[in-house]
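Asks: sequence plus predicted model, see below.
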Amino acid sequence: MSIDLTYSHHALSAELTIDQLLADAVLDPHQNITFQVFDILRNLIVSARLRPGQRLSEKEIAAALCASKTPVREAMIRLDEVNLVRIVPQSGTYVTKISVRRYRTACFIRLQLELGAVRSAALAPDPHQSIAILDDILSQTAKAITEEDPTTFYACDDAFHRQLFVMAGFDDAWMTARRTQFDVNRVRHIRRMQHIVSGPAQLAEHQAIIEAIRAKDGLSAENALRAHIGDLDRQISDLVRDDKMRGFIALEDAI
């Protein structure tokens, strides 16, 4: 398989209004409204459709969702608790900027958990059926690169890494890791919108991980994963030196 294509988003798309962003959102009156509003806004923030630093209006959100302001306010409080928004008295509510400290912590957590997962996956007694799932994900990734489909590309990336935890028997640890990855995912989506994404390189790195697991070589699997995720200090340096991330990073938190 030889794929030379890359795809790019050279600039962030034009900022959309709350009405536009929530046009397709429908609340289920039989489910907790606060939780639904929280999930909708969290997904918009993590995917960077709501930008770091953007001001949010409870009134506009409530109107767009045909909801009362109370569950929207409660959802904002929950978002504030997980550092996705900041509620400033007498000013408003703002999407938080990327925290270098939280980004560094999230990268560390992911690396340590995933190194353990990939080693366990490689040493599993009979991983062949699970490896077939990884092979299928890799095929879907290649198709997404060929079709220049970044949405499917990132969905496949998530599925690939989750499968490592499933193979290790620690799929609940994947959910734990994901709860720490908000800023990491925001950086990924902003870079997706602004940078050339090296799909073929990522494909090759995933293939190396699969081959190490197929060979039941735990050390090689760890090394392949470490090469794929990258050195922690390098990730932080790349983040703070990236001109295209300026304006999205909390300056007081930069190192």
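Replies: Perfect, thanks for sending it.
Asks: which stretches in the stretch 101-250 of the chain count as strands?
Replies: 196-197 (DSSP state E, counting those that start in this stretch).
Asks: so where is it shaky, pLDDT-wise?
Replies: 125-128, 193-197 (pLDDT under 70).
Asks: what segments of it are helices?
Replies: With DSSP state H, counting those that start in this stretch applied, the stretch 101-250 of the chain shows helices at 128-146, 150-168, 171-178, 182-194, 199-214, 218-229, 232-241, listed in chain order.
Asks: mind checking how far the residue lying closest to residue 184 once chain neighbours are set aside is from residue 100?
Replies: Distances taken as CB to CB, 6 or more residues apart in numbering put residue 106 closest to residue 184, at 4.7 Å, once the chain neighbours are dropped. C-beta coordinates here come from the backbone N, C-alpha and C atoms, glycine included. For residue 106, the distance to residue 100 equals 11 Å [CB to CB, to the nearest Å].
Asks: try residue 46
Replies: According to CB to CB, residue 46 and residue 100 sit 17 Å apart.
Asks: isn't residue 134 up against residue 212?
Replies: No - Residue 134 lies out of contact with residue 212 (CB atoms under 8 Å); the separation is 11.2 Å.
Asks: shared neighbours, those two?
Replies: Residues touching both residue 134 and residue 212 (CB atoms under 8 Å, 6 or more residues apart in numbering): none.
Asks: next, count neighbours for the closest residue to residue 207 other than its chain neighbours.
Replies: In space, and not counting its chain neighbours, residue 207 is closest to residue 138: 6.4 Å by CB to CB, 6+ apart. Residues lying near residue 138 (other CB atoms under 10 Å) number 18.
Asks: and the gap between residue 138 and residue 190?
Replies: Distance, residue 138 to residue 190, using CB to CB: 26 Å.
Asks: alright, I will stop here.
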